[in-house]
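> coordinates for the following, if possible.
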Amino acid sequence: MSRLATDALDLLCGKQLGEGVYRSVFECALRRDWVVKLETQDSDKRTFANVHEWSFWDKYCDQSAVARWLAPCEKLSPDGRILLQQRCDPLPLDYHLPHKLPAFLTDIKRANFGLLDGKLVCVDYAFVDMTPDKRLRVAYWA
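Numbering: from 1, shown residues only. Below you'll find the predicted structure:
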């Protein structure tokens, strides 16, 4: 990574909040209400998780039946390796997980959800059904 890229990431990223198979998530050093999602895969193995998440948000952000379940995305870098998203609070250990969720949410695990203004939202929806079925179905939490 170039010195310029390293400086830019050091300026943008605060403390690391989490890490998955395809991305790492950091506090946004410039805005406390955002997180920074960095794609961690090499160029030849990219999954474009940030691009998928951004595309889904961009397509459905005006449809309240879908958007109410999602952490809003704010910005995507030109090559899709950096995504800025609204920061959500982690679910408290005693949080009562819902029995049903919309069918378009496919990766149902506690770590993929958080609270935004006290409401449950999905914070990792890179691999959702891109043509969302909004009907509620039984959620089998992993």
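> CA only for contacts and neighbour counts going forward, please
Fine.
> secondary structure element holding residue 51?
helix 49-60 (DSSP states H and E).
> return the set of buried residues in that helix.
49-57, 60 (16 or more other C-alpha atoms under 10 Å).
> next: stretch 133-142.
Result for stretch 133-142 [16+ other C-alpha under 10 Å]: buried residues residue 139.
> so for it, mean pLDDT?
For stretch 133-142, the mean pLDDT works out to 92.
> ends of it, what's the gap?
21 Å (C-alpha to C-alpha, to the nearest Å).
> and it, how far from the chain's centre?
Stretch 133-142 has its C-alpha centroid displaced from the chain centroid by 18 Å (C-alpha atoms, centre = their mean, to the nearest Å).
> then stretch 70-80?
That offset, for stretch 70-80, works out to 9 Å (C-alpha atoms, centre = their mean).
> which positions in that stretch come out as buried?
Applying 16+ other C-alpha under 10 Å to stretch 70-80 flags 70-73, 76, 80 as buried.
> and the nearest residue to residue 76 once chain neighbours are set aside, how many neighbours?
Spatially, and ignoring its direct neighbours in sequence, residue 76 is nearest to residue 83 (4.6 Å; C-alpha to C-alpha, 6 or more residues apart in numbering). Number of residues near residue 83 (other C-alpha atoms under 10 Å) recorded here: 24.
> state the pLDDT value of residue 83.
Reported pLDDT for residue 83: 98.
> quick one: it from residue 74, how far?
From residue 83 to residue 74 the distance is 8 Å (C-alpha to C-alpha).
> returning to that earlier point: mark which of the buried residues of stretch 70-80 are part of strands, please.
Under the assignment DSSP state E, the buried residues of stretch 70-80 contribute 73, 76 to strands.
> with respect to per-residue confidence, which of the buried residues of stretch 70-80 is lowest?
Scoring these by pLDDT puts residue 80 last, at 95.
> tell me which residues of stretch 24-33 come out buried.
Buried residues in stretch 24-33 (16+ other C-alpha under 10 Å): 24-29.
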